[in-house]
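A.B. asks: I would like to see how this sequence folds:
(chains A, B, C and D)
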2 protein chains.
Amino acid sequence: MASLSDVIEAGGRRFRTATEYVAATLKQAILAGALPPGTPLRQEDLAGRFEVSRMPIREALRQLEAQGLVDFEPHRGAIVVEISLADALDNFAIRGGLEAQALRHSLPNLTAADLDRADEIIAEIDREDDVSRMGELNRRFHMTLYAAAGLPRLLALTEQHLVAADRYLRFHLATDGDMGQVDHRAMIAACRAGDKAAALAALDRHLSTARDGLAGFFGSRSA
Amino acid sequence: MASLSDVIEAGGRRFRTATEYVAATLKQAILAGALPPGTPLRQEDLAGRFEVSRMPIREALRQLEAQGLVDFEPHRGAIVVEISLADALDNFAIRGGLEAQALRHSLPNLTAADLDRADEIIAEIDREDDVSRMGELNRRFHMTLYAAAGLPRLLALTEQHLVAADRYLRFHLATDGDMGQVDHRAMIAACRAGDKAAALAALDRHLSTARDGLAGFFGSRSA
DNA sequence: TGAATGTCGATTGGATCCAATCTAACAATC
DNA sequence: GATTGTTAGATTGGATCCAATCGACATTCA
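C.D. replies: Modelled structure (predicted):
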């Protein structure tokens, strides 16, 4: 039988405003690749599809602009931002900075239960085939290790850029075929040992190898 | 006599849309403290003051929400976000991560001219008394050292959080009375020497001392 | 022929209007 | 006396309408 909190939780998933609904759906569509880079986002067209007026569309596009997912130009409208190697490197640099800080602040507060959950997620990744689900799991793994940092803004920003990285995941998997599970396990081991330097080194390796793999992919593609 | 480009430049300072104008002005007002934390931002009221309709106000508030300057709650409206020690610590952690990355990527590309300009800004800071101008100069100093990183997203995010830090500057100066000029100079010296580790260490000291000073201020205030 | 200008359709930015939601104060009930 | 229901006012969310801007194509003039 469903408890009261279950019902509240389920109800809470619904969107409170049309703007929220549009923003969340568009974001999902862009990250999943349903709206390829360069796609112009015509307000009137979107209003028709979502069955709302143009105003919530506009407000949603503003939010996506702030998150770096669409480009906005006065009187010309919004387009889905292009993806490129430069963009990916930018994303990696940002994540490198943010995730290192998150890990630094979180590590001393991590409990055994946290690390056990991280282990479970790693096992799930091993069993998973679907690309978009793997992105979700990867994100949850990382955020599980950072959650104890107790710095909400830092964590929100970190998660935001982890989500943005999903756009590059398909390219990354096309080359390596794996998710850097070795580094994932090394990070957990270092956290269990309370070895901050080792944990940061593993994180750095994790991001560096992913970055280099992606750079190689883009390099061969342009050649 | 003014050249054509001068005229265009002056005209370019004007805002292309009402939304841009409102967003920029509100942001300035919040960071300068003209709109204290907790102030409710009534859309109708703002529309009257800016002499525009409520729509550009709403879009501007959305942008400020994305930048973490105002809190938005459905049907209840927007308020200027509270400042607190927790918030300041969050900001320092984010800046620590981002600025370290920016410096890492920028340092190898810094020219002597860049460092000379940084020196000039330091001298200007020494001569300056006005608090808000000092914030501006401090920001320009840091960004001058990071500009060669060639990662536009990282730089934009870094600057955004440097701007946000202006809100705490007055508290900081109230305790220390100085701007961490020693560390500023150490950063330049390390950059000139091409010593990445020393530069990063100086940056870390810079942020740590500022953070501890602020924590002390908040601690004594609450006690 | 080629560059500058004018016109037209498409699209966005902004204003106004109406509906939905929240807050607060007061009345009613247990 | 405390909780609940009700109602009025304020405020926001969303729809519709109008004006300003941009791009492309046709036109004109050197």
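A.B. asks: list the helices and strands the lengthiest helix in chain A packs on?
C.D. replies: Secondary structure of chain A per DSSP state H: the longest helix is helix A:196-222. Judged by 3 or more C-beta pairs under 8 Å, 6 or more residues apart in numbering or on different chains; DSSP states H and E, helix A:196-222 is in contact with helix A:85-106, helix A:152-175, helix A:181-193. Yep, even glycine has a C-beta here, placed from its N, CA and C like the rest.
A.B. asks: angle of that helix against helix A:85-106?
C.D. replies: Between helix A:196-222 and helix A:85-106, the angle comes out at 170 degrees (axes from the mean of the first three to the mean of the last three C-alpha atoms, to 10 degrees).
A.B. asks: Same question for helix A:196-222: list its buried residues.
C.D. replies: Residues A:199-200, A:202-203, A:206-207, A:210-211, A:213-214, A:217-218 are the ones in helix A:196-222 that count as buried (16 or more other C-beta atoms under 10 Å in any protein chain shown).
A.B. asks: For DNA strand D, state which of those is nearest.
C.D. replies: Using C-beta to the nearest atom of the strand, A:F218 comes nearest to DNA strand D of those, at 28.5 Å.
A.B. asks: can you pull the contacts of that closest one?
C.D. replies: A:84-85, A:88, A:171 (C-beta atoms under 8 Å, 6 or more residues apart in numbering or on different chains).
A.B. asks: Enumerate the residues of chain A near DNA strand C.
C.D. replies: For chain A, the residues in contact with DNA strand C (C-beta under 7 Å from any atom of the strand) are A:40-44, A:54-55, A:58, A:72, A:74-78.
A.B. asks: residue closest to the middle of chain A?
C.D. replies: Residue closest to the mean C-alpha point of chain A, counted by C-alpha atoms, centre = their mean, is A:V163 at 1.4 Å.
A.B. asks: separation between it and B:R211?
C.D. replies: 28 Å (C-beta to C-beta, to the nearest Å).
A.B. asks: Ok, A:F15 next?
C.D. replies: Counting by C-beta to C-beta, the gap from A:F15 to B:R211 is 38 Å.
A.B. asks: cool, A:R167 as well?
C.D. replies: Noted for A:R167: a distance of 34 Å to B:R211, by C-beta to C-beta.
A.B. asks: now A:L200
C.D. replies: 20 Å.
A.B. asks: Also A:A47?
C.D. replies: Taking C-beta to C-beta, one finds A:A47 at 47 Å from B:R211.
A.B. asks: A:V131 now?
C.D. replies: Relative to B:R211, A:V131 is positioned 41 Å away (C-beta to C-beta).
A.B. asks: Equivalent analysis for A:M134, please.
C.D. replies: A:M134 is 37 Å from B:R211, by C-beta to C-beta.
A.B. asks: can you check A:Q101 too?
C.D. replies: 12 Å.
A.B. asks: thought A:L145 was touching A:N109?
C.D. replies: No. In this structure, A:L145 is not within contact of A:N109 by C-beta atoms under 8 Å, at 10.9 Å.
A.B. asks: which residue sits closest to the residue in chain A that chain B sits nearest to, ignoring its sequence neighbours?
C.D. replies: Among the residues of chain A, A:A66 lies nearest to chain B; the distance is 3.1 Å by C-beta to the nearest C-beta. In this structure, A:A66 finds its nearest non-sequential neighbour in B:A66, 3.1 Å apart by C-beta to C-beta, 6 or more residues apart in numbering or on different chains.
A.B. asks: In contact with that neighbour, which residues?
C.D. replies: By C-beta under 8 Å, 6+ apart, the residues touching B:A66 are A:62-63, A:66-67.
A.B. asks: Try it again at 10 Å.
C.D. replies: Going by C-beta atoms under 10 Å, 6 or more residues apart in numbering or on different chains, B:A66 touches A:62-67, B:72.
A.B. asks: what's the answer for A:T19, then?
C.D. replies: A:52, A:55-63, B:58, B:62, B:72, B:74.
A.B. asks: what about 7 Å?
C.D. replies: Listed by C-beta atoms under 7 Å, 6 or more residues apart in numbering or on different chains, the contact set of A:T19 reads A:56, A:59-60.
A.B. asks: On the C-terminal side of the helix or strand of chain A with the lowest mean pLDDT, identify the next helix or strand.
C.D. replies: Every helix and strand in chain A was compared by mean pLDDT, DSSP states H and E; the lowest is helix A:4-13, with a mean of 43. Toward the C-terminus, helix A:4-13 is succeeded by helix A:18-32 as the next helix or strand (DSSP states H and E).
A.B. asks: just the angle between that following helix and helix A:152-175, please?
C.D. replies: 30 degrees.
A.B. asks: Helix A:18-32 close to DNA strand D?
C.D. replies: Yes. Judged by C-beta under 7 Å from any atom of the strand, helix A:18-32 comes into contact with DNA strand D at A:18-19.
A.B. asks: how many other residues sit next to A:P108?
C.D. replies: A:P108: 10 surrounding residues under other C-beta atoms under 10 Å in any protein chain shown.
A.B. asks: can you check the one 10 residues further on too?
C.D. replies: Number of residues near A:A118 (other C-beta under 10 Å) recorded here: 23.
A.B. asks: Give the full set of residues in contact with it.
C.D. replies: Applying C-beta under 7 Å, 6+ apart, the residues near A:A118 are A:141, A:144-145, A:188.
A.B. asks: Tell me which of those residues fall in strands.
C.D. replies: With strands taken from DSSP state E, there is no overlap with the contacts of A:A118.
A.B. asks: roughly how far apart are A:C191 and A:I57?
C.D. replies: 43 Å.
A.B. asks: More neighbours: which of the two?
C.D. replies: A count of neighbours by other C-beta under 10 Å puts A:I57 above the other of A:C191 and A:I57, at 26 against 22.
A.B. asks: What residues does that one make contact with?
C.D. replies: A:22, A:43, A:46-47, A:50.
A.B. asks: Out of the residues you listed, which end up buried?
C.D. replies: Those of these that meet the buried threshold are A:22, A:43, A:46-47, A:50, by 16+ other C-beta under 10 Å.
A.B. asks: Tell me how far A:R167 lies from B:V131.
C.D. replies: Distance from A:R167 to B:V131, by C-beta to C-beta: 41 Å.
A.B. asks: Okay then, goodbye and thanks.
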